[in-house]
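Q: Fold the following, please.
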Amino acid sequence: MLMGCLGGALIGLAATVYWLATGRTAGVSGIVGGALRERDVRGERLAFLAGLIAVGLLASMFGAPVGTGPYPTAVLVVAGLLVGFGTRVGGGCTSGHGVCGISRFSIASIVATVTFIAAGAATVAIATRLFAAGPIP
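A: Numbers count the residues shown, from 1 in each chain. Just a heads-up that it's a prediction; the model follows:
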């Protein structure tokens, strides 16, 4: 539980620092899309993404759990592609809607986040039955 609280606080801090530094919302799917499409802000977006990766690597060096869990790699690849598709359809990801949008009391972000959570819960329920992997710790 402590790691989850620490992670949540760091996500909120990163979103706040990004907003203060750039004036833009820290939605990761938008940052990735912008890094691929927009040359004028590519550097700051790549720096943000590099920071996300670096913090994950740093956390793993200090004992944070790392791994793919009980699911086969092919399932994770398909899941990642579906998440990417969902962020396009939903107009953003959980960091943009859930962290930044809800904090601005955006009704669209609240609806999107509730939808993300419901879809995630349904996916876990289905995946645990299909792959008999049990609940994710």
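Q: low-scoring pLDDT stretches of the protein, where are they?
A: 66-69, 132-137 (pLDDT under 70).
Q: Let me see the domain layout of it.
A: Listed by automatic domain parsing, the domain ranges of the chain are 1-66, 69-137.
Q: what are the ranges of the helices in this protein?
A: Here the chain has its helices, by DSSP state H, at 2-22, 28-37, 42-61, 73-89, 94, 102-103, 107-131.
Q: Tabulate those (JSON lines), appending mean neighbour count.
A: Where C-beta positions appear, they are placed from N, C-alpha and C, glycine not excepted. Formatted as JSON lines, those follow (neighbours: other C-beta atoms under 10 Å):
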{"stretch": "helix 2-22", "mean neighbour count": "13"}
{"stretch": "helix 28-37", "mean neighbour count": "17"}
{"stretch": "helix 42-61", "mean neighbour count": "13"}
{"stretch": "helix 73-89", "mean neighbour count": "12"}
{"stretch": "helix 94", "mean neighbour count": "24"}
{"stretch": "helix 102-103", "mean neighbour count": "15"}
{"stretch": "helix 107-131", "mean neighbour count": "13"}
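Q: pull the CA atoms of stretch 55-62 into PDB?
A: Written as PDB, here are the backbone C-alpha positions of stretch 55-62 (Å, rounded to 0.1, in the frame of the first residue of the first chain):
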ATOM      1  CA  VAL A  55      12.200   6.400 -12.600                       C
ATOM      2  CA  GLY A  56      10.900   2.900 -13.300                       C
ATOM      3  CA  LEU A  57      14.400   1.600 -13.700                       C
ATOM      4  CA  LEU A  58      15.600   3.400 -10.600                       C
ATOM      5  CA  ALA A  59      12.700   2.000  -8.600                       C
ATOM      6  CA  SER A  60      13.500  -1.500  -9.800                       C
ATOM      7  CA  MET A  61      17.100  -1.100  -8.500                       C
ATOM      8  CA  PHE A  62      15.700  -0.300  -5.100                       C
END
